[in-house]
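1. Test case, fold it:
(2 chains)
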Protein chains: 2
Amino acid sequence: MAQKTSIPKGTRDFSPAEMAKRNYIFDTIRSAFRLFGYRQIETPAMENLSTLMGKYGEEGDKLLFKILNSGDFMKKVDATDLEARELNRLGAQLCEKGLRYDLTVPFARYVVQHRNDIQFPFKRFQMQPVWRADRPQKGRYREFWQCDADVVGSDSLLNEIELLSLLDYVFAKFGLRVCIKLNNRKILSGIAELIGESDRLIDITVAIDKIDKIGIEAVEAELIERGISEEAVSKLRPILALSGSNEEKLNLLADMLQGTESGEKGVEELRTVYNGFMELSPSAETEIDVSLARGLNYYTGVIIEVKALDTPIGSISGGGRYDNLTGVFGLSGVSGVGISFGADRIYDVLDTLGLFPDKVLDTMTVLFLNLGKEEAEKSARCVAALRKEGVSAALYPDSAKLKKQFQYADSLNVPLVAMIGEEELKNDTITVRDMATGSQSVYPLDEVSSIFRIYQVK
Amino acid sequence: MAQKTSIPKGTRDFSPAEMAKRNYIFDTIRSAFRLFGYRQIETPAMENLSTLMGKYGEEGDKLLFKILNSGDFMKKVDATDLEARELNRLGAQLCEKGLRYDLTVPFARYVVQHRNDIQFPFKRFQMQPVWRADRPQKGRYREFWQCDADVVGSDSLLNEIELLSLLDYVFAKFGLRVCIKLNNRKILSGIAELIGESDRLIDITVAIDKIDKIGIEAVEAELIERGISEEAVSKLRPILALSGSNEEKLNLLADMLQGTESGEKGVEELRTVYNGFMELSPSAETEIDVSLARGLNYYTGVIIEVKALDTPIGSISGGGRYDNLTGVFGLSGVSGVGISFGADRIYDVLDTLGLFPDKVLDTMTVLFLNLGKEEAEKSARCVAALRKEGVSAALYPDSAKLKKQFQYADSLNVPLVAMIGEEELKNDTITVRDMATGSQSVYPLDEVSSIFRIYQVK
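-> Model prediction:
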């Protein structure tokens, strides 16, 4: 009868101690979203596969978790496909639903489906798990949490500035030193146009993206190998080697990209966003980085990435503007810009750097020990009174040995232990022990709620 | 390219207004769980099918959502089973994982898997969605939320009393009038023993459970039809017709069940729990109801059900004690007792009765209108300053027509609108409009944070 207990690989249980830390992250981000005027939505864990398929590339389609149809799931299965073991076709016949892969595609679907009920510009946030059948490895899970904020239905660059300010606010709250990297997809287009290789934009940006890892010379060699002319590569050199302050970079880019339509536009946008953000005196380092090309097939304007400065964990947040999110669902002309916090990565960074506050809420304020039947009854009434005052309290349910009860309080990190024993029962008093210092005091029982209110404030 | 947008049947999107109400429910329950000293855990959406199968009866197995194996899902499929279209066997070969069906079985699995890290008695709460491939109908969804609190590893009836007090606390917070019904599985066993039909316990309780719906006479007819002797049914009559106060019922039951071991034990337990709960002066009506038999195959002691009094929606919460939750996973001797709040049912009840507070948080405190480039820049700085003070604020991102901006503020139920226009820009002032009254006032800009702090308190 007994079974081995385990959970699917790449998934996790979260203990109370872990939940307290996770909640600290989610609560901080949620409060910030609300403070900035974003409003929460939720979408179902399951979406129709027709909504999900084809949105994440061929590789993404393979990473979708598909849900076997209920009832007679073999009914629609084609005998020929079965014979030939045509996995893609069989998957589509066996399954109509899949687990969401990110929050962006469900959001696009939501916007289109509910467009008549939505007031644009729509500032929404969403904090839910997503699932990917990726190969599990350290720091990469098959179930993980995304926290997204997007504005759709407004072209204004004030949205970009606000989202940068939101990133800055959240990481400052976490006490985490970060660098916010900025680029603009139009600058990348301008660069490709400048060197006469407009149709090779992806090759160029993939190569540029590697500068940090392999260096400029290796990138140049790779570009030539990919068939970009030597002349083009030499034109690219000053851009790859771009240095100086952000203002100097912007000026240099403006000079170099003069005459390329999208390049000029890109520099102007980036300058507006950068200056607007600087006006707000952010805590975060900010760096204009033309090698930043994440999500290229997707973003059409600003591109944002946040790196934690004091760990090698890398990107912990990112985002950008996308001009045609909802087009695939039949609603065109709705521009959007958004950011996404990777909650699991942030957890790892805060944990590594010891940045979780000492006192994340994961336990009650006071545990009453159980010192006999009548004593426990009186304690239970006292606990009920404290709860009415908003003091988190509980009574140890069993009349176990005192040592065991103290060990329990210790293991839970309960700050205070209260005792009503024979003596206290007789005298209408209560003994309170501060678990950190070990000091004990006796109080009249009718002062109990004021005592704990004081402790609570501490 | 355009697709029809829809979501799987039985699932839901939640709009910002709905999320605000849902969060009110979840926040209230979560705070109560913490106040009572319960600690949160989370488990993965996906569990191994070996964990889930066989735990919910044959019907339950059919209602599990199964997840198609990743990669070559046909690899392990047996040709003979395929030929014969053996759905159960094929399902098991195509899928190793399923979505959780409730929070109880994953919790049992969690307790066994992490037993060396858990301090018993373990008071845990868990608030997560569950999925069932039920036929969708009004008020019944394929994705819905459970909020469970359980204590495992303690036999003390103080746990039952605490959980009843927790139920009472939460529904009082909601302003919802409820009746908490109480029974004990051992009383049902005692009744079966008393009438000499111990092995027909399930038939008897299924019949008793119908008294409310079909009346005592029809229940008696059904029992006889099921092969219970007329003599036994006549012995049962006074129990079925049990009336009077709870104290009278307890005394009557004690008399009637004298001599039946489990009956005596059941009455004693019920009396202790009932009296202990009454000691705490609950707001809820409390009723001892021997016809309450929910989850019978599962519960071994107290059985709890909560009904909303002012609607016909019925059961909105329930629970009980189970003595062998973890036995199936190889850990015996761990007794547990728990309750579960049905968040979706509670939503429907609060909505029907108009019990949601007027002001559930779903929007910002103040929207700044966008009245030109320079005006917007100044407004953006003002918004940033307000956010630093904890005032939820935002700037309308586009310089749209004033009417459109006011409509936007209206549609979002924003209580305050702030304007920095040409005049205000010149005079370093700000105009604030109370959207409820329509009254407008002009303030010096440097007083702005104190102004909104006052409004915030309102």
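2. Around chain B, which positions in the stretch 251-400 of chain A sit nearby?
-> Residues of the stretch 251-400 of chain A lying near chain B by CB under 8 Å from any CB of the partner chain: A:276, A:279-280, A:327-330, A:361-364, A:367, A:370, A:376-377, A:380-381, A:384, A:387, A:390-398. For glycine as for every other residue, the C-beta is placed from the backbone atoms N, C-alpha and C.
3. let's see 6 Å
-> With the criterion set to CB under 6 Å from any CB of the partner chain, the stretch 251-400 of chain A comes near chain B through A:280, A:329-330, A:364, A:384, A:387, A:392, A:394, A:397-398.
4. what ranges of chain A fall below the confidence cut-off?
-> Counting by pLDDT under 70, the ranges of chain A that qualify are A:1-3, A:295-297, A:360-362, A:453-458.
5. and if we set it to 80?
-> A:1-4, A:139, A:206, A:208-209, A:212, A:240, A:294-298, A:358-363, A:448-458 (pLDDT under 80).
6. hang on, the earlier thing: let me know the closest of the residues of the stretch 251-400 of chain A next to chain B to residue B:12.
-> residue A:329 (18.4 Å; CB to CB).
7. How about the stretch 151-300 of chain A: which residue is closest to chain B?
-> Taking CB to the nearest CB as the measure, the stretch 151-300 of chain A has residue A:156 as its residue closest to chain B, at 3.8 Å.
8. Just the residues of the stretch 251-400 of chain A next to chain B: which are in helices?
-> Secondary structure of those is defined by DSSP state H; positions in helices are A:384, A:387.
9. would CSV of the residues of the stretch 251-400 of chain A next to chain B with neighbour count be doable?
-> Formatted as CSV, these follow (neighbours: other CB atoms under 10 Å in any protein chain shown):
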residue, neighbour count
A:280, 18
A:329, 23
A:330, 13
A:364, 27
A:384, 21
A:387, 22
A:392, 22
A:394, 27
A:397, 23
A:398, 19
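10. ok, which pair from the residues of the stretch 251-400 of chain A next to chain B is furthest apart?
-> When these are compared pair by pair using CB to CB, the two farthest from each other are A:330 and A:398, 62.1 Å apart.
11. Surely residue A:321 and residue A:304 touch.
-> No - the criterion here is CB atoms under 6 Å, and residue A:321 misses it with residue A:304 at 9.2 Å.
12. still on that earlier bit, which residue is the nearest non-sequential neighbour of the residue of the stretch 151-300 of chain A closest to chain B?
-> With CB to CB, 6 or more residues apart in numbering or on different chains as the measure, residue B:397 is the residue that lies nearest to residue A:156, at 3.8 Å, once sequence neighbours are left out.
13. Next: residue A:212.
-> What sits nearest to residue A:212 in space, not counting adjacent residues and going by CB to CB, 6+ apart, is residue A:291, at 6.7 Å.
14. Quick one: residues contacting the one you found.
-> Taking CB atoms under 6 Å, 6 or more residues apart in numbering or on different chains as the criterion, residue A:291 is in contact with A:208-209, A:211.
15. What are the contacting residues of stretch A:113-128?
-> Under the contact criterion CB under 6 Å, 6+ apart, stretch A:113-128 has outside partners A:33, A:37-41, A:103, A:147-149, A:151-154, B:5, B:397, B:408, B:411.
16. Repeat that for stretch A:251-263.
-> Outside of stretch A:251-263, the residues that reach it under the criterion CB under 6 Å, 6+ apart are A:186, A:189-190, A:193-194, A:267.
17. now do 7 Å
-> By CB atoms under 7 Å, 6 or more residues apart in numbering or on different chains, the list of residues contacting stretch A:251-263 from outside reads A:186-187, A:189-191, A:193-194, A:238-239, A:242, A:264, A:267.
18. between these, which is closest to residue A:347?
-> Of all the contacts of stretch A:251-263, the one with the least separation from residue A:347 (CB to CB) is residue A:187, at 33.2 Å.
19. right, and the closest one touches residue A:266 too?
-> Yes - Residue A:187 is within contact range of residue A:266, at 3.7 Å (criterion: CB atoms under 7 Å).
20. Endpoints of stretch A:129-147, how far apart?
-> With CA to CA, to the nearest Å as the measure, the first residue of stretch A:129-147 is 9 Å from its last.
21. Show me which residues of that stretch are buried.
-> Taking 16 or more other CB atoms under 10 Å in any protein chain shown as the neighbour-count basis, stretch A:129-147 is seen to contain the buried residues A:129-133, A:141-147.
22. Let me see the ranges of the helices in the stretch 251-400 of chain A.
-> Applying DSSP state H, counting those that start in this stretch to the stretch 251-400 of chain A gives helices spanning A:261-279, A:343-352, A:373-388.
23. Would you format the ones you listed as a markdown table with distance to residue A:17 included?
-> Written out in a markdown table, the entries for these read as follows (distance: least, CB to CB, whole Å):
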| stretch | distance to residue A:17 |
| --- | --- |
| helix A:261-279 | 37 |
| helix A:343-352 | 11 |
| helix A:373-388 | 23 |
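24. which one of those helices lies closest to residue A:419?
-> Distances from residue A:419 to each of the helices of the stretch 251-400 of chain A were compared by CB to CB, and the smallest falls on helix A:373-388, at 8.4 Å.
25. how far off helix B:261-279 does that closest one point, in degrees?
-> Computed by axes from the mean of the first three to the mean of the last three CA atoms, to 10 degrees, the angle separating helix A:373-388 from helix B:261-279 equals 50 degrees.
26. And helix A:373-388, what does it pack against?
-> Applying 3 or more CB pairs under 7 Å, 6 or more residues apart in numbering or on different chains; DSSP states H and E, we find helix A:373-388 packed against strand A:366-368, strand A:393-395, helix A:422-427, helix A:448-457, helix B:158-173.
27. what angle sits between it and helix B:158-173?
-> Taking the same axes, to 10 degrees, helix A:373-388 and helix B:158-173 form an angle of 20 degrees between their directions.
28. And the contacts of helix A:373-388?
-> Residues outside helix A:373-388 that contact it (CB under 7 Å, 6+ apart) are A:368, A:370, A:393-395, A:399, A:420-421, A:425, A:430, A:445, A:448-449, A:452, B:35-36, B:158, B:165, B:279-280.
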